[in-house]
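> Below: sequence and its predicted model.
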Amino acid sequence: MSDVPQDRKYLPSHEWAHSVDGLVVVGISEFASQELGELVFIELPKEGSNVQFDGAFGEIESVKAVSELTSPVTGKVIEVNQSLIDNQQAISESPYDKGWMMKVEPDEDSGIEKLLDAAAYQSQLSKS
């Protein structure tokens, strides 16, 4: 497995947050997508809805398991990656790029400062 991108912050549950132009782009790590295996379904929040730091924002289902998706940020969902609804392959093939799940306009108290940096997340992975 490749190193985790340094430009993101991570939840211990493998979701990432990437700040871009005042929004926070959210997805799951390559480690998580590999652990899940073949993906068959994803449920994402509605645009305009609010998500809470460390709260569920959706579900992802593979042939092995159903997993809750946890938000690494508090704020308002501005955009959802609709292409994932019909085809979850982008999550497996490009988890840090095409496989993004939602873009959030963060609240002032977004929780993002509580996330792990890449080194801390990588360290957690090497222990598991």
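Looks like it arrived, so ask away.

> Name all residues that make contact with the most centrally placed residue in the chain.
Among the residues of the chain, Gly27 comes closest to the average C-alpha position under Cα atoms, centre = their mean, at 2.4 Å. Applying Cβ atoms under 8 Å, 6 or more residues apart in numbering to Gly27 gives the contacts Glu15, Trp16, His18, Ile91, Pro95, Tyr96, Gly99, Trp100, Met101. No exception for glycine: its C-beta is placed from N, CA and C like everyone else's.

> Can you tell me the SS state at the fifth one?
Recorded secondary structure, Pro95: coil (DSSP: H, G, I helix; E, B strand; the rest coil).

> from the contacts of Gly27, which two are the most distant?
Using Cβ to Cβ, these span at most 15.0 Å, a distance reached by His18 and Ile91.

> Mind checking which of the two has more residues around it?
Neighbours were counted for His18 and for Ile91 using other Cβ atoms under 10 Å; Ile91 has more, 24 against 17.

> Just the C-alphas of the helix or strand hosting that one, formatted as CSV.
Assessed by DSSP states H and E, Ile91 sits inside helix 89-93. Taking Å, rounded to 0.1, in the frame of the first residue of the first chain, the C-alpha atoms of helix 89-93 are listed here in CSV:
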residue,chain,number,x,y,z
GLN,A,89,-15.2,1.7,-8.5
ALA,A,90,-13.7,5.2,-8.2
ILE,A,91,-13.4,4.7,-4.5
SER,A,92,-11.3,1.6,-5.0
GLU,A,93,-9.3,2.8,-8.0
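
> All good on my end, thank you.
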